[in-house]
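1. Sequence first, predicted model second:
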Amino acid sequence: MLPLVRISSSISNFKEDLLGRTKCKEWKWNIFTPTVFFGVYHWLDILRIVIHRGEKKVFFCGSDILNLTRFRAFILDGLSFDNKFYCENGIEQKLLLKKEIFAEILPMIFTDFELDESSFVPSRTPHVYLTAHEGRQAEYGWALVEEIAWMVPDVTFHLYGASWNTKHKNVIIHGKVPKRQFNEEIKGYHAALRCNEVDGFSEIVAKSILEGQYPITRIKYFDIDNYETTNELLYKLEQLKEKKFSNVESITWYTRLQENLNQLLTF
């Protein structure tokens, strides 16, 4: 029997996809039914978790950890009943440990996205894509791209989700586009670039590797290229030209993401 799920209003854009992917029904004060709570962004999220009396799991999504004060962490962990906590990478896990919450690492993809290695086509002029929310472009690496784009003229950067002014010919601003259009367009690209220093397991990183591409992240993940310095990032971008075949780790990640979701929904 599947548990219920509760999705924080702060990530309501994932609600439809997450309910569809898990096939679960939404929690509506069913306080004795096993439930997975996604996101701990505000007091209402914490209140629901504390009040819930049945079995429960709490999944941190990224920026909600930054908003978690020590007092809120104490309320969440100290006054709640038999919580099990989960997050998506080592950075999140360390931040939670500083607040005396231990969380198991389970990278996740919320949307329904299938493995499609065949879309990867090698190129000496690779295409890389980033996303951002309006007003948070620098946090998502757009300022960094503006700084380095001239150093890798054979790489084209595609920026989605917000506005931006660029002086580079190899930086293309797409703005906000429908999800279906985005998913179709990235099939012709070669890597997602995720520059966030505090982040959950990004949907664009998951989609990139499931397309057989070679995503690059600031945060370390198993078998995904990451960087710490600008020079390392430039090297990783140049290396995209040498990728002759679809990423063999895509199958491994597809299996892992499916298993992680199953584990989260098992009580």
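-> Thanks, I have the structure now.
2. Only C-alpha atoms from now on, for both contacts and neighbour counts.
-> Noted.
3. any weak-confidence spans in the stretch 151-267 of the chain?
-> Within the stretch 151-267 of the chain, not a single segment meets pLDDT under 70.
4. Walking through the protein, point out its strands one by one.
-> 4-7, 35-38, 56-59, 83-87, 103-105, 127-131, 156-160, 171-175, 191-194, 216-217, 225-226 (DSSP state E).
5. got TSV for these, with mean neighbour count and distance to residue 236 too?
-> Formatted as TSV, the strands of the chain follow (neighbours: other Cα atoms under 10 Å; distance: least, Cα to Cα, whole Å):
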stretch	mean neighbour count	distance to residue 236
strand 4-7	23	36
strand 35-38	24	33
strand 56-59	23	31
strand 83-87	21	27
strand 103-105	17	26
strand 127-131	23	11
strand 156-160	22	14
strand 171-175	17	18
strand 191-194	27	10
strand 216-217	23	7
strand 225-226	18	7
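6. Identify whichever of the ones you listed lies nearest to residue 209.
-> Proximity to residue 209, assessed across those by Cα to Cα, is greatest for strand 191-194 (8.0 Å).
7. okay, the strands of the chain in TSV with distance to residue 120 next?
-> Shown next, in TSV, are the strands of the chain (distance: least, Cα to Cα, whole Å):
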stretch	distance to residue 120
strand 4-7	33
strand 35-38	32
strand 56-59	32
strand 83-87	30
strand 103-105	29
strand 127-131	11
strand 156-160	16
strand 171-175	20
strand 191-194	10
strand 216-217	16
strand 225-226	17
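8. For residue 16, find the nearest of those strands.
-> strand 4-7 (9.8 Å).
9. Once you drop chain neighbours, what's closest to residue 31?
-> Once flanking residues are discounted, residue 31 sits nearest to residue 52: 4.5 Å by Cα to Cα, 6 or more residues apart in numbering.
10. Quick check: the gap between residue 19 and residue 4.
-> 10 Å (Cα to Cα, to the nearest Å).
11. Tell me the spacing between the most centrally placed residue in the chain and residue 33.
-> The centre of the chain sits closest to residue 202, judged by Cα atoms, centre = their mean, with a distance of 1.6 Å. According to Cα to Cα, residue 202 and residue 33 sit 29 Å apart.
12. repeat for residue 52
-> In terms of Cα to Cα, residue 52 sits 8 Å off from residue 33.
13. Of these two, which one has the most company?
-> Between residue 52 and residue 33, counted using other Cα atoms under 10 Å, the more crowded position is residue 52 (20 against 16).
14. quick one: the helices in the stretch 1-150 of the chain?
-> 15-22, 43-51, 63-66, 70-78, 90-97, 142-148 (DSSP state H, counting those that start in this stretch).
15. Residue 214: which of these is closest?
-> Shortest distance between residue 214 and the helices of the stretch 1-150 of the chain, using Cα to Cα, is found for helix 142-148: 17.5 Å.
16. Export the closest one to CSV, keeping only CA atoms.
-> What follows is helix 142-148, C-alpha atoms only, in CSV (Å, rounded to 0.1, in the frame of the first residue of the first chain):
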residue,chain,number,x,y,z
TRP,A,142,24.7,32.9,-14.9
ALA,A,143,27.2,35.6,-13.8
LEU,A,144,30.0,33.0,-13.9
VAL,A,145,29.0,32.0,-17.4
GLU,A,146,29.1,35.7,-18.4
GLU,A,147,32.6,35.8,-17.0
ILE,A,148,34.0,32.7,-18.7
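17. Quick one: residues in contact with it.
-> Contacts with helix 142-148, where a contact means Cα atoms under 8 Å, 6 or more residues apart in numbering, come from 130, 137, 138, 157, 159, 166, 167, 168, 171, 234.
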